[in-house]
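**Q** Got a predicted structure here, sequence first:
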Amino acid sequence: MAYTFSLETGQQVYLDNNGTQTTIAIVTSGPGQQQQSSSSFSTGRWTAQPTVFRTGNGCTVQIESETGQHFIQIQGNSASVTSSRPSANSAETIQVQQTSSSIPGQQPMQPMQPMQPMQPMQPMQPMQPMQPMKPMKMGDMEMSMNPMQMRMGNMQMNMGTPMGSGQQQGGRNFCPKCGSPVQPSDSFCSNCGYQLN
């Protein structure tokens, strides 16, 4: 069963015993806002209603449980265990009321719904082979990929032709290194010195 009491500072304090744990929630309300802090202490099961004493710097809660007496000091928005009861002449008893509501923000969790089994993934469709690239034409320039070649005006460039053999274009040979015109009978390029045969 939960208990509650109010402090002069406008704070509402909730006390609850769940098994061997004592939970204290301090709720501070103001215009347009609410703050809450909670603390839990291992005290054992309560054997009597808690007693609260007002002290000069807050209040002290006395818990009677199966394991003995426990004292918890509340000061501001924090709660901590203290070793002794406040002196009788400096402490005033605060009225504690039993409440049927639980500590704010401490509603019991609802059980989770079981997860639905995952559906098996559908097999991927095999990739279709790429279509050969169509020759590109721009004015008098033409490029094709298979075989890789490029033509522009009366010049042509082919990839994959053996090195060292001059590239023939319209009855003329060109140096494969620098592209200068060479004669079929030349052994070396007259421009760069590349060995043609």
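**A** All right, it came through fine. Remember, predicted model here, so these are calculated numbers, not experimental data.
**Q** The residue nearest in space to the middle of the chain sits in which helix or strand?
**A** Centroid check for the chain by Cα atoms, centre = their mean gives residue 115 as the closest residue, at 21.8 Å. Applying DSSP states H and E as the criterion places residue 115 outside every helix and strand.
**Q** Once you drop chain neighbours, what's closest to residue 71?
**A** residue 82 (4.8 Å; Cβ to Cβ, 6 or more residues apart in numbering). (Glycine included, C-beta is placed from N, CA and C.)
**Q** Return the residues in contact with the one you found.
**A** Residue 82 makes contact with 60, 71-73, according to Cβ atoms under 8 Å, 6 or more residues apart in numbering.
**Q** from those residues, which is closest to residue 120?
**A** Each of those was scored against residue 120 by Cβ to Cβ, and residue 72 proved nearest at 55.7 Å.
**Q** what helices or strands is the host helix or strand of that closest one leaning on?
**A** Using DSSP H and E, residue 72 sits in strand 68-75. Taking 3 or more Cβ pairs under 8 Å, 6 or more residues apart in numbering; DSSP states H and E as contact, the helices and strands that strand 68-75 lies on are strand 21-30, strand 58-65, strand 78-82.
**Q** need the contacts of residue 82 in a markdown table with pLDDT and neighbour count, can you?
**A** Shown next, in a markdown table, are the contacts of residue 82 (pLDDT from 0 to 100; neighbours: other Cβ atoms under 10 Å):
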| residue | pLDDT | neighbour count |
| --- | --- | --- |
| 60 | 90 | 21 |
| 71 | 92 | 18 |
| 72 | 91 | 21 |
| 73 | 90 | 18 |
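**Q** right, and out of those, which lies closest to residue 2?
**A** Nearest to residue 2 among the contacts of residue 82, counting by Cβ to Cβ, is residue 72 at 15.3 Å.
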